[in-house]
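Colleague: sequence first, predicted model second:
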Amino acid sequence: MGKSESWITPFKKQCFVSLGVSLNMAAHGLVMGFAAILLPQLRQPDSIIPIDDTSGSWIAAILGFALVAGNFIVPTIMAKYGRRTANLASLVPMIVGWFCIILATNITILLVARFLQGLAMGMSASLGPVLIGEYTSPKNRGAFLTVISLTIATGVLFVHSLGSFLSWQVTALVIAFVVFADLLIVIYSPESPSWLADQGKYDECRKVFRWLRGDGEDDELEKMIDASRFIREAKALANLPDTFVKKIRSNIAYMNTTMRKKEFYKPIFIMIHIYTLGQWAGANILAAYTMDIFANVIGTGANISLMVITLDIQRIISNTMAVYVIKKVKRRTMLFITVAINLFAFLATAAYTYCKGHNLLPFDHPAIGIALIHIHMFSIATGTVPLPFIIAGEVFPLEYRSLAGGLSVLFLSSNLFITVKTVPYLFKNFGIHGAYVLYAVVVGYCLVIAWLFLPETKDRTLQEIENEFRGRPLSPEELKSTQSLTSMKQFNTDRRCSSPVI
């Protein structure tokens, strides 16, 4: 028994629970990459579901609409029923979606299936980084959050490789079994200790926290419990209104107070731009329209299927490198370097394709285009895919983590829909060079915002990051005053309160 306990270390336990989250996040790669093998097969003359460019773009982009719905659903489940329950709930529509694809005989069923998958992706997009951030220790958190992008990249390679040899129905069946295996892992994972503390289940919180982290991080545990206890005491002191009208007024007052707090709106503002940067940097475009991009950049003479698989392998290698680099390099430094490479790839590819299309190149070879696409993928795999998830797992305060995460991920879903849906239109009307210049402008703007407002979060506890956004730690008295859900009512009815209502 002693040997078993010594072998199953806290780090390995963190690996197990993070695997359940990461495999769920891998669905982003599986679903987006599936479009790249589904659409070409549906365009074949003998396809059982014939499509055109319009219906094909909807099949690829409807995920964005569904992501919004998932964003609205998951904060309530996360806050009321727990992170683990939300993780389980997100896997159900994903499994149903894959089986709908297996049985699909028309475009309508395909769209319903993709909508269900997008719903699951929307739930996991805000849940995944938060849950890994709460499961893992600060020294390993960056690496575990980077694994999210590694599993997404593996998902893309997995689905592209399967689709090169199997039909889209058989590919969907294999993926459905992978998702079911993830469901089993999540079932045997514990609840987040942060959520248990937020619910006042302090004994269970301590038990789970020490099971995950061992006995060496009790300082973070006690600080988390103390902060949660102060907030719960403040809410308990408030006389919650019992009529519908009073509840509405109370909630309005609470939201008005909450939206003015720096620790609430600053992380949301930052993540809006970080998520926008991540989507316009081209990850989903390269995953969903891989063959189209190769055809536009290097022509149709090369073995594009082989090029796609090679690109996916490079993405996994780059993601693996990022797992180790992120443990040593600061978040801001890594963001600026990788996004600078991303901007170079956009502008260089735009210049190359423009000159190639107008016969302005003194020398040309397919290797030039292939190298530019691989440089673009390297910047995505090492920076613009993993870093948004890493930062999202670190910047949101405990009390507002569900709400703030859901609000900011709205911009992930809307930008995913815009970028994927408009690819055929932009490529057809402005060429790949025009589209890439537009992408570079949006990414450059978001990078400037990150430069100005994003703090460094590496190797810091979540409570320390929250305190920096606030400006300083709150005293118990301030917490009781500012966290009251019924500050408006107290101001009107409880004149004995000596603290000012903020």
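Modeller: Yep, that arrived.

Colleague: can you pull the pLDDT of Phe165?
Modeller: According to the prediction, Phe165 has pLDDT 85.

Colleague: no no, Asp242
Modeller: At Asp242, the pLDDT value in this model is 54.

Colleague: likewise Val179?
Modeller: 92.

Colleague: show residues contacting the strand or helix carrying it.
Modeller: Assigning secondary structure by DSSP states H and E places Val179 in helix 168-187. Applying CB atoms under 8 Å, 6 or more residues apart in numbering, the contact partners of helix 168-187 are 16, 19-21, 23-24, 26-27, 30, 34, 37-38, 41-42, 84, 87-88, 91, 94-95, 98-99, 101-102, 158-159, 162-163, 166. Backbone N, C-alpha and C define where each C-beta goes, glycine included.

Colleague: in it, which residues are buried?
Modeller: Under the neighbour-count criterion of 16 or more other CB atoms under 10 Å, helix 168-187 has 168, 171-173, 175-176, 178-179, 182-183, 185-186 buried.

Colleague: for stretch 201-219, same thing?
Modeller: Buried residues in stretch 201-219, counted by 16+ other CB under 10 Å: 201-202, 205-206, 208-210, 212-213, 217.

Colleague: so what pLDDT did Ile274 get?
Modeller: On pLDDT, Ile274 comes in at 91.

Colleague: helix/strand/coil for it?
Modeller: Classification of Ile274 into helix, strand or coil gives helix, according to DSSP: H, G, I helix; E, B strand; the rest coil.

Colleague: how about stretch 55-72: buried residues?
Modeller: Applying a neighbour-count criterion of 16+ other CB under 10 Å, one finds 55-71 buried in stretch 55-72.

Colleague: let me redo that: stretch 9-27
Modeller: Neighbour counts over stretch 9-27 (16+ other CB under 10 Å) mark 10-11, 13-27 as buried.

Colleague: among those residues, which are located in helices?
Modeller: Members of the buried residues of stretch 9-27 lying in helices (criterion: DSSP state H): 10-11, 13-27.

Colleague: flag the shaky bits of the stretch 1-150 of the chain, pLDDT-wise.
Modeller: Applying pLDDT under 70 to the stretch 1-150 of the chain flags the ranges 1-6.

Colleague: what's the helix or strand for the most centrally placed residue in the chain?
Modeller: In the chain, the residue lying closest to the centroid (CA atoms, centre = their mean) is Ala125, at 3.8 Å. Here Ala125 sits within helix 107-135, counting by DSSP H and E.

Colleague: OK, contacts around the residue nearest to the centre of the chain?
Modeller: 25, 28, 67, 70-71, 409, 412-413.

Colleague: ok, Gly29 - how many residues close by?
Modeller: For Gly29, the tally of surrounding residues (other CB atoms under 10 Å) stands at 27.

Colleague: make that Pro362, sorry
Modeller: Using other CB under 10 Å, Pro362 has 5 other residues around it.

Colleague: cool, and Gln44?
Modeller: The criterion is other CB under 10 Å. On that basis, Gln44 has 9 neighbouring residues.

Colleague: roughly how far does it sit from Trp58?
Modeller: Distance of Gln44 to Trp58, given as CB to CB, to the nearest Å: 19 Å.

Colleague: quick one: distance of the following helix or strand past the helix holding Ala125 to the chain centre.
Modeller: Using DSSP H and E, the helix or strand that follows helix 107-135 towards the C-terminus is helix 138-165. Averaged C-alpha coordinates place helix 138-165 at 12 Å from its chain's average position (CA atoms, centre = their mean, to the nearest Å).

Colleague: now for helix 138-165, which elements pack on it?
Modeller: Contacting helix 138-165 under the criterion 3 or more CB pairs under 8 Å, 6 or more residues apart in numbering; DSSP states H and E are the following elements: helix 10-42, helix 107-135, helix 168-187, helix 304-325, helix 386-395.

Colleague: for that helix, which positions count as buried?
Modeller: Quick answer for helix 138-165 (16+ other CB under 10 Å): 138, 140-163.

Colleague: please parse the protein into its domains.
Modeller: Here the domain assignment for the chain is 2-189+258-463, 478-502, based on automatic domain parsing.

Colleague: can you lay out those as CSV showing distance to Ile225?
Modeller: CSV is the format used below for these (distance: least, CB to CB, whole Å):
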stretch, distance to Ile225
domain 2-189+258-463, 11
domain 478-502, 14
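
Colleague: buried deepest among these, which one?
Modeller: domain 2-189+258-463 (a mean of 20; mean count of other CB atoms under 10 Å).

Colleague: on that earlier part again, tell me which of the buried residues of stretch 55-72 fall in helices.
Modeller: 55-61, 63-71.

Colleague: who's in contact with Lys13?
Modeller: Lys13 is in contact with 211-212, counting by CB under 8 Å, 6+ apart.

Colleague: now it: how far from Gly118?
Modeller: Summarising the geometry, the distance separating Lys13 from Gly118, computed by CB to CB, is 32 Å.

Colleague: what does Gly299 give?
Modeller: From Gly299 to Gly118 the distance is 33 Å (CB to CB).

Colleague: what does Pro267 give?
Modeller: Distance of Pro267 to Gly118, given as CB to CB: 25 Å.
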